[in-house]
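A.B. asks: A predicted structure for the sequence below; I have some questions about it.
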Amino acid sequence: METHKKSFGAWIWDVVFNIFKGALWLFETVPLTSIIILPLGFFLLISDWQTHVPSGQLIWLAVIMLIDGYIGHLRADREEQRVMNEFYDWHYKEIEKSKRVAEQ
């Protein structure tokens with residue numbers, strides 16, 4: 001039995017494609033601000049603790065967390081709107097179908 005080996009280029013392409021697919025899934029499921037902005041806020045908070053002036057960075061962290069929450073809220077609203085649109089489309093199709101049946 002002969003096995004087919006992938007070329008090195010095909011193997012590299014598979015790895016790059018799977019990394020891209022994983023990154024796309026991550027950005028679709030997790031808000032971008034949670035990935036980038038919150039770690040930045042925690043870094044700023046820690047760096048200020050080292051200089052013994054935490055109050056300014058605590059404000060920045062609070063602002064960053066508010067922005068993250070707001071963007072998450074917008075994403076939830078968009079998802080809710082998408083689900084409602086799908087329901088209305090289905091409901092409209094059912095009404096049209098029942099009208100056609102009634103006309104026959």
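C.D. replies: Now that the structure is in, tell me what you want to look at.
A.B. asks: remind me, longest helix of this protein?
C.D. replies: In the chain, assigned by DSSP state H, the helix with the most residues is helix 54-103.
A.B. asks: so for Trp25, what's the pLDDT?
C.D. replies: Trp25 is assigned a pLDDT of 69 by the prediction.
A.B. asks: what about the protein, any weak spots by pLDDT?
C.D. replies: Flagging of the chain using pLDDT under 70 yields the residue ranges 1-4, 24-38, 41-42, 44-58.
A.B. asks: one more time with 50
C.D. replies: The chain contains no residues with pLDDT under 50.
A.B. asks: any idea how far Asp77 lies from Glu86?
C.D. replies: Distance, Asp77 to Glu86, using Cβ to Cβ, to the nearest Å: 15 Å. C-beta coordinates here come from the backbone N, C-alpha and C atoms, glycine included.
A.B. asks: equivalent analysis for Glu96, please.
C.D. replies: As defined by Cβ to Cβ, Glu96 lies at a distance of 16 Å from Glu86.
A.B. asks: again, but for Gly9
C.D. replies: 41 Å.
A.B. asks: ok, now Ile95?
C.D. replies: 15 Å.
A.B. asks: rewinding a little: which neighbouring elements make contact with the longest helix of the chain?
C.D. replies: Helices and strands touching helix 54-103, by 3 or more Cβ pairs under 8 Å, 6 or more residues apart in numbering; DSSP states H and E, are helix 32-35, helix 37-50.
A.B. asks: how many other residues sit next to Ala23?
C.D. replies: Using other Cβ atoms under 10 Å, Ala23 has 11 neighbouring residues.
A.B. asks: ok, Lys93 next?
C.D. replies: Per other Cβ under 10 Å, the neighbour tally for Lys93 reads 10.
A.B. asks: and if you look at Ile64?
C.D. replies: Residues near Ile64, counting by other Cβ under 10 Å: 19.
A.B. asks: ok, the one 5 residues further on next?
C.D. replies: Using other Cβ under 10 Å, Gly69 has 12 neighbouring residues.
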